[in-house]
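Undergrad: Got a predicted structure here, sequence first:
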Amino acid sequence: MKILNYKFQASSHLFAIIIFLPLFFGVPEFIREIDAADLTRISILPNVQIDGDDILLGKIAGIEGHDPLLTQKLSSIVVGRAPLPGESRTLAIKTFKSRLKQNGINLSRLALHIPAKVVVTRNYIEISREKIKTLVSNYILKNIIKDNADGSIKDIEVADSLQLPKGRITFKVIPPRNRDLLGKIPFSVHFDVNGKFYKRVWATATLEMLAKVVITKKPVGRHKPITEDDIELLKMDLAKLPSGVITDPEAVLGKRTKRAIGAKTVLRTDLVELPPLVKRGDVVVIIAESSGLKITALGEVKKKGRLGESIPVMNYDSKKILYGQVLDSSTVKVEF
């Protein structure tokens, strides 16, 4: 019995030594190496840079492990939204642990080498003010000034430069609608990244467009016919003139003034008019045509009219009032 008891006590002492030995002397080196080899290592630097709209773990971390499926899953985890181009976002280590747990990752299988805070900065492409000016200038030269030697760009103002995310960048310069492209003109420049609209900037261009315009040599009275002796051409900046200025002398010859005009006045379309070819009380020939049939009759004009205008005339025979188009000083054509 003593022998058996001695053996039992010896076994108990050996068991206790095996159990408590690691507490005093640590886990044997070969055991620690085996445990570490089974873990997937995730390493992140304190400052990282990214492209794209999302912060993917695989884009900012070094992931090393023997399980390819786990490595692939870890790489595809979205930690958060990326900051705007050129800006930064700070992520705490608890954010990474939270995202890992949300994606069903067992943290005990990982060896995390992540600083307390990680600063994520988004890469960008800067479009300078000078570059935007060049884009607008090229558009103006190609689409507005074209081959006009008397047209020039005096200035282009751009508020600020632009920061765009990296990608395939395209642009479009858009002029204002329904206005003369002279003087100070606001242009919008639209930038697309990878085929999607991203941002718009504004640029204001000052254009000078010199052209010969028709002006009066001397004063011309109201309702006076305009002759070659009344006008001359003068080169001026169209941007500084009102709309409707006349640049072709043929456009005013044969017309009359609507009101008295002083000397050196720039003629506009609202200052001249065609003189009436017929006036109230004039006797004219009324012409009616249909399917090769032509009928004529005498009539009396009831309202003055210019070339091409529709006026009322009275048929002498029927006493009816008809409406016809003035063809010349003695003919009005009616439809029937």
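TA: That came in fine, so what should we check first?
Undergrad: C-terminal to the strand or helix carrying Lys131, what's the next element?
TA: In this structure, Lys131 sits in helix 129-140 according to DSSP states H and E. As assigned by DSSP H and E, the chain's next helix or strand after helix 129-140 is strand 151-158.
Undergrad: average pLDDT across that next one?
TA: The pLDDT scores in strand 151-158 average 92.
Undergrad: Please apply the same query to stretch 64-80.
TA: Rounded mean pLDDT across stretch 64-80 is 94.
Undergrad: Flag every buried residue along that stretch.
TA: For stretch 64-80, the neighbour count (16 or more other CB atoms under 10 Å) marks Gly65, Leu70, Thr71, Lys73, Leu74, Ile77, Val79 as buried. Yep, even glycine has a C-beta here, placed from its N, CA and C like the rest.
Undergrad: what's around Val313, how many residues?
TA: Applying other CB atoms under 10 Å, we find 27 residues neighbouring Val313.
Undergrad: which residues does it form a beta bridge with?
TA: For Val313, the beta-bridge partners are Val301, Leu322 (DSSP bridges).
Undergrad: List the residues that contact it.
TA: Neighbouring residues of Val313 by CB atoms under 8 Å, 6 or more residues apart in numbering: Val284, Ile286, Gly299, Glu300, Val301, Lys302, Ile321, Leu322, Tyr323, Gly324, Val332, Val334.
Undergrad: could you redo the last one with a cut-off of 10 Å?
TA: Val313 sits next to 278, 282-286, 297-303, 305, 320-324, 326, 332, 334 when contact means CB atoms under 10 Å, 6 or more residues apart in numbering.
Undergrad: Okay, and which of these map to helices?
TA: Using DSSP state H, the subset of the contacts of Val313 located in helices is empty.
Undergrad: and the buried residues of stretch 64-80, which of them are in helices?
TA: Leu70, Thr71, Lys73, Leu74.
Undergrad: Pull the most distant pair out of these.
TA: Distances among those were taken as CB to CB; the most separated pair is Thr71 and Lys73, at 7.4 Å.
Undergrad: Tell me the buried residues within the contacts of Val313.
TA: Among these, those scoring as buried are 278, 282, 284, 286, 297, 299-302, 305, 322, 324, 326, 332, 334 (criterion: 16+ other CB under 10 Å).
Undergrad: farthest pair in the residues you listed?
TA: Ala297 and Gly305 (17.8 Å).
Undergrad: and for Thr71 and Lys73, which residues touch both?
TA: With CB under 10 Å, 6+ apart, Thr71 and Lys73 have common neighbours Gly58, Ile63.
Undergrad: State the phi and psi torsions of Lys279.
TA: With angles defined as degrees, to the nearest 10, Lys279 sits at phi -130, psi 170.
Undergrad: cool, and Lys199?
TA: phi -160, psi 160.
Undergrad: quick one: it and Asp160 touch, right?
TA: No. Under the criterion of CB atoms under 10 Å, Lys199 makes no contact with Asp160, lying 11.4 Å away.
Undergrad: So for those two, which sits in the more crowded spot?
TA: For Lys199 versus Asp160, the count of surrounding residues by other CB under 10 Å is larger for Lys199: 14 against 9.
Undergrad: I'd like the distance between the more buried one and Pro85.
TA: Per CB to CB, to the nearest Å, Lys199 is found 10 Å from Pro85.
Undergrad: what do the two both touch?
TA: Common contacts of Lys199 and Pro85, defined by CB under 10 Å, 6+ apart, comprise Leu162, Gln163, Leu164, Val193.
Undergrad: Is the second one located within a helix, as I assumed?
TA: So the one you mean is Gln163. No. Gln163 is assigned strand when assessed by DSSP: H, G, I helix; E, B strand; the rest coil, not a helix.
Undergrad: what's near enough to touch it?
TA: Gln163 neighbours (CB under 10 Å, 6+ apart): Leu84, Pro85, Gly86, Glu87, Arg122, Tyr124, Ile125, Glu126, Ile127, Lys199.
Undergrad: hey, what's it bridged with?
TA: For Gln163, the beta-bridge partners are Glu126 (DSSP bridges).
Undergrad: Point out where the stretch 201-336 of the chain drops to low pLDDT.
TA: The stretch 201-336 of the chain contains no residues with pLDDT under 70.
Undergrad: Run through the strands of it in chain order.
TA: Applying DSSP state E, counting those that start in this stretch to the stretch 201-336 of the chain gives strands spanning 231-237, 256-257, 272-273, 283-290, 293-301, 310-315, 321-328, 331-334.
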